[in-house]
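Asks: With the sequence up front, the predicted model follows.
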Amino acid sequence: MKVNYTKTVLYAYANIETVKDQIDDFVQRKALSSMNDYSPCIEQCEKMLNFTAQKIALIELKQMTDKALEKLSKFDIDCLDYKYFKQKPKEYFIGFDYESRNYFRRQVLIVKKLSV
């Protein structure tokens, strides 16, 4: 089961910064438009605090993932980037063996290593 969580975190890792920025924008718009919202003030504040708590959880998740990724080799990070992050250009992976059985075994081992 841990492996599934690890894969989920790896897929989400590349988008954490974007989601954090969206939360910031949402909370700012919510605060600025609060005079047009006729719900009780305490409810509005609780909503903004909940979104801020989610942002803090994302920051912690990113920091823990960064710490775990520091332990991996450059090749392992390239394998993860190819499958999960997709941040490097396609030209970077010219000559990269991503069709062999060895690559797929390596992916499984990397995820298991991060799951521990």
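Replies: Received the coordinates, thanks. Model, not experiment: these values are computed from the prediction.
Asks: How about the secondary structure of the residue sitting furthest away from the middle of the chain?
Replies: In terms of distance from the mean C-alpha position of the chain, Tyr38 ranks first, at 34.9 Å (Cα atoms, centre = their mean). Secondary structure state of Tyr38, per DSSP: H, G, I helix; E, B strand; the rest coil, is coil.
Asks: surely Leu61 meets Thr8?
Replies: No. Using Cβ atoms under 8 Å, Leu61 makes no contact with Thr8, being 10.5 Å away. The way it works is simple: take the backbone N, C-alpha and C, and place the C-beta from them, glycine included.
Asks: Now do the residue most central in space within the chain against Gln44, distance only.
Replies: The chain has Tyr13 as the residue nearest its centroid, 2.0 Å off, counting by Cα atoms, centre = their mean. Using Cβ to Cβ, to the nearest Å, one gets 31 Å for the distance from Tyr13 to Gln44.
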